[in-house]
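Novice: here is my input; please provide its structure:
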Amino acid sequence: MSRKINNLPFKIKMMGSYVLTSVLPFLIAALISGSVMISQTKHTSILLMHQIISQVGNSIDMYVQSMDKIAGYLAIEVGKDNNPSHNKNKLSSTLQNLIQATPEIAGILFAFTDDTSVSTGMSRISRDPFLLESWYQSAIGSGGNTVLVSSPAGRNILTNYEDSVDDIFSLAKAVFSPIDGSLAGVILLDIRHNIIRDSINSVSIGDTGFVFVIDADDNIIYSPANKIVYRIPANILKTELSPSRKMKPLELKIGDKRFQIDIVYSNYTGWRTVGVFPSGEFRKNFSWANLTLIISMICILLLIFSVSLFFSNTITRPILKLQNLMQKAETGNLTVRFRSLYTDEIGNLGRSFNHMLEQLDRLVKQVYKEQRDKKEAEIKILQEQIKPHFLYNTLDTISWLAREKGALDIVKLVDALTNMFRAGLSKGKDFITLKEELKHVGSYLYIQQIRYNDKLSYSIETDDFLNNCLVPRILLQPLVENAIYHGIKQKRDNGMIEVHVEKITENNLPMLVLSVYDNGVGIPQDKLLPLQKLLEMNDSYEEKTGFGLYYVAKRIFFAYGPPYRITIESSQSKGTTVALYLPFQREVPAE
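Specialist: As a prediction, this is how the structure comes out:
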């Protein structure tokens, strides 16, 4: 039986595997996922109801906080005045401006300790002292914190506007003098329910659910018109759900209906935001979820049978195509490619096949190129080995002929040039001794001195104990060349170049300082500053002048890194000094 199955075409085996391995697991998974989905739907509905209620509670908290900030602002402004009771006109103007700018405030009153007051939008009903009012006493007892009054009913103050006491809550805050801490009075703000009403009316919990707000004493702050609110027992509303949401919402039967009740407590205001949701809507949602699950299972089973053939073809066709291409590649044809728009595993396999052929083709060409380049390099090395020896032999012949003719100046000039080339090549070494470097730059300066008919003079100063210090080769010549062509050459009088070497200590680091000074025309400030910026090795700087100095700075940077550097100082008509700061070392750095 197994042999017959193994000998079946790949396409038939694919279709059979799709059907057998999809239907049974799908049925099991559908039943499990269905029950999970129903449970999750219930949990999501409960969580969504809690989030809606929390959102309303947060909006109310933010609203009260904003009013609290206004009360705090008034307390600070009044507290600044040493005797606010004498500046009632100023305070009245401030209250009027504030109530005009904040339409949510129905009225503001400031009660002084002498039982006088300044108000906007509020008026006193009788001459009973404010000190006996509960809001006044609560504000004083809070020590400067804001006191929230849920209802303004029963107090000795009337709001002037057409606002019902059911549409207003109040904030009271005691004001103390910042000088001696004495009580200056109490601020009372009447706040409209606009934001609370809008926040509650803007949300919906199902079709008939609603939200209302009560204070710590079970008084309703705001509720939409609904008779069910007054049938909920007060002791039920004092129950708080745990923060982890492990507890289910409270369930209460009112009349012949059951309701889910969720409560969110505000630590800021002490108020509770209550959401009421009919339990029947939960069950209605679950019925629709069950029906949807059954219909989905039937449709998916039909799809499994209908797409089996399609998917088997999408797998078998590119595999057969790839098999034919591999057979061609085995014969040595590396130009074949797998062409497909597939992005699945078969497509990735085809692209890997193409990449493998490209790599093989590239490696074959690379081996051929490397062999050809190797032969060319060997020939070039032989040619380069001949050039220095030929140059030295030619210069020696010129020197010998000059000696024969008694032209000692020419002998000295040729010897200087020979020394320059020998130090410049340095047998391929990147680092040479300071002595060799100074000999190289001395030979260069001698040649330039002969060229300019003694218009140029120079001096090289160093200590003998520094001669064995190691420096990058041909480091001074670009500096001397710049000094001649940009400094001395532009000068009418005789020029002087001084090369000075010394050892210093900077930040506990021993350094070798090589400086080149010329008494040339100097560098103008508008050119000196960009040049100095260029030598700071700022790659974002695109100024192209001073390339020779920039090249030297690059060599120092790559060879040593900070704090080793090149600096330039110049003054017009006085000259220029370029200094190299190198590490003091006597051994060749490891490569």
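Novice: part of a helix, is residue 352?
Specialist: Yes. Using DSSP: H, G, I helix; E, B strand; the rest coil, the assignment for residue 352 is a helix.
Novice: so how many other residues sit close to it?
Specialist: 11 (other C-beta atoms under 10 Å). Placement of C-beta: from N, CA and C, glycine included.
Novice: now swap in residue 371 and tell me
Specialist: Residue 371 has 10 nearby residues by other C-beta under 10 Å.
Novice: helix/strand/coil for it?
Specialist: Residue 371 ends up helix, using three-state DSSP.
Novice: same deal with residue 459?
Specialist: strand.
Novice: contact partners for the nearest residue to residue 488 once chain neighbours are set aside?
Specialist: Nearest non-adjacent residue to residue 488, counting by C-beta to C-beta, 6 or more residues apart in numbering: residue 495, 3.2 Å away. Contacts here follow C-beta atoms under 8 Å, 6 or more residues apart in numbering; on that basis residue 495 touches 455-457, 484, 487-489, 518-520.
Novice: who's residue 495 bridged to?
Specialist: residue 456 (DSSP bridges).
Novice: so what pLDDT did it get?
Specialist: Confidence at residue 495, expressed as pLDDT, is 90.
Novice: and residue 359, by the same measure?
Specialist: 85.
Novice: where's it relative to residue 353, distance?
Specialist: Separation of residue 359 from residue 353 (C-beta to C-beta, to the nearest Å) stands at 11 Å.
Novice: between these two, point out the one with more neighbours.
Specialist: residue 353 (17 against 12).
Novice: double-check that one against residue 322; I have them as touching.
Specialist: Yes. Counting by C-beta atoms under 8 Å, residue 353 sits close enough to residue 322 to count as a contact (6.4 Å).
Novice: what sits in contact with each of those two?
Specialist: residue 338.
Novice: so which residues of the chain form helices?
Specialist: 2-7, 10-80, 88-101, 134-141, 194-201, 234-237, 279-330, 345-405, 408-425, 434-451, 477-483, 525-534, 547-559 (DSSP state H).
Novice: compare these and give me the one nearest residue 470.
Specialist: helix 434-451 (7.6 Å; C-beta to C-beta).
Novice: same for the closest one, what does it pack against?
Specialist: helix 408-425, strand 456-461, strand 470-472, helix 477-483, strand 495-506 (3 or more C-beta pairs under 8 Å, 6 or more residues apart in numbering; DSSP states H and E).
Novice: between those, which one is closest to residue 231.
Specialist: So among the helices and strands packed on helix 434-451, strand 495-506 is nearest, using C-beta to C-beta, at 88.2 Å.
Novice: residue ranges with poor pLDDT in the stretch 51-200 of the chain?
Specialist: Across the stretch 51-200 of the chain, the ranges flagged by pLDDT under 70 are 79-86, 161-163, 165.
Novice: hmm, back to that, just the buried residues from the contacts of residue 495, in PyMOL please.
Specialist: Selecting only the buried entries of these in PyMOL, with 16 or more other C-beta atoms under 10 Å as the criterion:
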select buried, resi 456+484+487+488+518+519+520
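Novice: tell me which two of the contacts of residue 495 sit farthest apart.
Specialist: 457 and 489 (14.2 Å).
Novice: put the alpha carbons of stretch 456-468 into PDB.
Specialist: Provided in PDB are the C-alpha atoms of stretch 456-468 (Å, rounded to 0.1, in the frame of the first residue of the first chain):
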ATOM      1  CA  LEU A 456      66.400  81.700  -0.400                       C
ATOM      2  CA  SER A 457      68.200  80.900   2.800                       C
ATOM      3  CA  TYR A 458      67.400  78.200   5.300                       C
ATOM      4  CA  SER A 459      68.300  76.700   8.600                       C
ATOM      5  CA  ILE A 460      67.500  73.300  10.300                       C
ATOM      6  CA  GLU A 461      67.700  73.100  14.100                       C
ATOM      7  CA  THR A 462      67.400  69.900  16.100                       C
ATOM      8  CA  ASP A 463      69.000  68.100  19.000                       C
ATOM      9  CA  ASP A 464      71.100  65.000  18.300                       C
ATOM     10  CA  PHE A 465      69.100  62.800  20.700                       C
ATOM     11  CA  LEU A 466      66.100  63.300  18.500                       C
ATOM     12  CA  ASN A 467      67.700  61.900  15.400                       C
ATOM     13  CA  ASN A 468      66.500  58.300  16.000                       C
END
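Novice: and that stretch, which residues are buried?
Specialist: Residues of stretch 456-468 classed as buried: 456, 458, 462, 466 (neighbour count, 16+ other C-beta under 10 Å).
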